[in-house]
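A.B. asks: just need the structure, nothing else, for what follows:
(2 chains)
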Amino acid sequence: MTEQTKQGPGPSTVLDPELKRTRGTDLVSIVFRFQSVFALVVVFIAAIVFSPVKNGDLVFLDPDNLFGVVRATSETGILAVGMTLVILIGGIDLSVGSVLGLASVGAAVLLVNNDFGLVPAVLIVLAIGLVFGLLQGVAIAKFGIQAFIVTLAGMQIARGLARIWSGGQGITITYGDGANQAPLTFSLLGERTFNGLVPIPALIFIVVAALAVVLLRVSAFSRHIYAIGGNEKAARLSGVPVTRVKILVFGICGLLAALAGIVHAGQLNFGGPNDGAMYELDAIAAVVIGGTSLTGGRGSVVGTVAGALLVWVLRNILALNNIDSNIQLLIIGLVIVLAAGLQRFRPESAG
Amino acid sequence: MTVRTRRVVVGAALAACALVATSACGTTSENSGAPKSGGQQSAPKKCGKDGSYTIGMSQANVAEPYRQRMDDDIRAAAAGIPQFKVNFADAAQDNSKQVEQVKTFLTQQIDLLIISPNEATPLTNVVKEAFNKNIPVLVLDRKVDGDAYTSFIGANNTDIGKQAGEFVGTKLLPSGGKIAEIRGLAGSTPAKERADGFQQGIAGKNIDIVATADGDWLRDKGQAQADAVLKAHPDIQAIYSQNDPMAEGARIAATNAGKPDLKIIGIDGLPIDAGGIKAVEAGRLSATFVYPTGGKEAVAAAKTLLVDCGKVEKTQTLPTRLVTKENAAQVYAEMNKQG
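C.D. replies: Numbers count the residues shown, from 1 in each chain, chains lettered A, B, ... in the order given. Model prediction:
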């Protein structure tokens, strides 16, 4: 499908904001599009300024510390990439934290209790996340139930499944070739690579984010997503396969939640039925700070990645300065409100 | 517009910075100059009366009064030792977050780690990492896997459950009877251990647990579950609740069900106004069992290791204590004496 065929009947400005977005080059629109990138830079500089000093070195800039931040960001980030797609079509997915818990249990049970090989276990868990997301998508797109309600139910269902599958107890993952042991390769998720510096979860996050950026830049799928988020009715009238795209987007979000769950289990050597609680809110926060509009149609994965990093850089520098955890909550909350508030000033014409 | 936009962005960051600045951006004690000792893993990098020491305290969550009290006990005990400065972190029941917080402590080069793990396995590696860096690690209340830590300090959940069972079997319902059990969060170790211990305690005592329900350690959840249990089993004679807040919830449910005299026992026995000891004293609970936080003992162990250059036992099991109406006031006073 080309630009021209799509722009036939509907109001093209609403139908294809992506096309317009790429043309908006004035400073204002760039600042708004990448507000979280600018904010991240500011927070990063602030973190350097306020970093504790140890033996003449800034603790914050210690490579170990920086890569620790990136590692911590990776789970939130993987969830947030999926969440960005969902929010771009004007939806929301409250189930991702529970699906993460379900996937971490699934990985542990399959690898340890059922002695599955690494590849089948990972594929099965990813498939569970995908199917879970697709089913939610069907309920939303085909039966017209609100995404908030469907995924709120999905959140409970995934948590229930995780507790049933694990028998209520967390499952410890031990490594080796013997019976009831996970393959050693799975433990790499808790390791680092490239001169022992870059954590593997961070690499996975980078790959996921890069794929999503490419997806949102080049594919017809991308134009469909922005079109649905901009004006679903107009998109439908102009021939966008709305139902199919919506189902697929929720499927991708579920798949990424399962991937985050696998990473989670690998890092902690543990499948925790109660793990991932409230992670959906961290992911939504990253998306909002990233400048994606909760009403859909506007936003970017790059913004989300910066948003997720910003939250964790902030947490890191606050922790390094021993700020009370309750004050930390307060500060992160203020940042979310500020980021959302900024969007009010976003000029409509700058898209 | 552009200027305004920038101003808002910068303002946001500055607001955050200002809040950071309100606290002291203090550095932890300088200790990397000290040579790393080789083989002896558990020996701290430095010790002695003249030093100053930063202790990192990683708490599983502070939403539960019991854990808030643990932090308070540590704070109070450490205030008496001028060489100590304690940094607190709250993991909010999140394994991943707790790992992250301990790693941040390691970046800060703390001199000693006190940790009350959210769950054992996920925290094992990072505790080992600290231990292998010659940072003494005191594990409080919940264990980690293996033995890469300096000392475990805590009471025994199975034992406290067993005592509760024995109390129900011999004192509360000596001629037997039907009871209900309100459990903590499904899947948590203490919930399982307090249940298993209770079974051992009532073994052969003609006590019949006719209903069990998960109250997730929470007062309101405990009340809702007790409500349902009392409707389904109006003939129960007592409720065993795995902690005091759920027991308080069960008391409300029992009163609502027209059974204000139903026997209810709890566990934790926190010596605070809203705690179980006061509830026993006021007659809302028939009994509770003191499950010590270990905060005071942890600071004492830290002092032995860092200030006195001494050694501590690998496992320090804290005694539990039965609290009934007769001794409640006395136990309360004793526990707050040195606090």
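
A.B. asks: pLDDT value on residue A:193, please?
C.D. replies: Residue A:193 is assigned a pLDDT of 73 by the prediction.

A.B. asks: quick check: it touching residue A:200?
C.D. replies: Yes. Shown here, residue A:193 and residue A:200 form a contact pair, counting by Cβ atoms under 8 Å, at 5.9 Å. C-beta here means a position set from N, CA and C on the backbone, and glycine is covered the same way.

A.B. asks: more crowded one of those two?
C.D. replies: residue A:200 (20 against 12; other Cβ atoms under 10 Å in any protein chain shown).

A.B. asks: go through the strand or helix carrying residue A:164 and flag the buried ones.
C.D. replies: Secondary structure from DSSP states H and E places residue A:164 in helix A:147-166. Buried positions in helix A:147-166, judged by neighbour count with 16 or more other Cβ atoms under 10 Å in any protein chain shown: A:147, A:150-151, A:154-155, A:157-159, A:161-163, A:165-166.

A.B. asks: other residues contacting that helix?
C.D. replies: A:86, A:91-95, A:97-99, A:101-102, A:104-106, A:108-109, A:132, A:136, A:139-140, A:250, A:271, A:273-274, A:280, B:186-187 (Cβ atoms under 8 Å, 6 or more residues apart in numbering or on different chains).

A.B. asks: ok, residue 283 - contacts?
C.D. replies: I went with chain A, as the question did not name one. With Cβ under 8 Å, 6+ apart, residue A:283 has these contacts: A:76, A:79, A:80, A:82, A:83, A:96, A:97, A:308.

A.B. asks: should've been chain B
C.D. replies: With Cβ under 8 Å, 6+ apart, residue B:283 has these contacts: residue B:325.

A.B. asks: kindly recompute the last result at 6 Å.
C.D. replies: Applying Cβ atoms under 6 Å, 6 or more residues apart in numbering or on different chains to residue B:283 gives no contacts.

A.B. asks: that's a helix at it, yeah?
C.D. replies: No. Assessed with DSSP: H, G, I helix; E, B strand; the rest coil, residue B:283 is coil; it does not lie in a helix.

A.B. asks: for the stretch 251-351 of chain A, what spans make up the strands?
C.D. replies: A:270-271 (DSSP state E, counting those that start in this stretch).

A.B. asks: check residue A:154 and give its pLDDT.
C.D. replies: pLDDT, residue A:154: 98.

A.B. asks: check the gap between it and residue B:80 for me.
C.D. replies: Noted for residue A:154: a distance of 51 Å to residue B:80, by Cβ to Cβ, to the nearest Å.

A.B. asks: do the same with residue A:307
C.D. replies: 44 Å.

A.B. asks: the two: who's more crowded?
C.D. replies: Neighbour count, other Cβ under 10 Å: between residue A:307 and residue B:80, residue A:307 has more, with 32 against 11.

A.B. asks: hmm, the more buried one is touching residue A:286, no?
C.D. replies: Yes. Contact criterion Cβ atoms under 6 Å: residue A:307 and residue A:286 qualify, at 4.1 Å.

A.B. asks: measure how buried the closest residue to residue B:217 other than its chain neighbours is and give me the count.
C.D. replies: Spatially, and ignoring its direct neighbours in sequence, residue B:217 is nearest to residue B:184 (4.6 Å; Cβ to Cβ, 6 or more residues apart in numbering or on different chains). Residue B:184 has 27 neighbours, counted by other Cβ under 10 Å.
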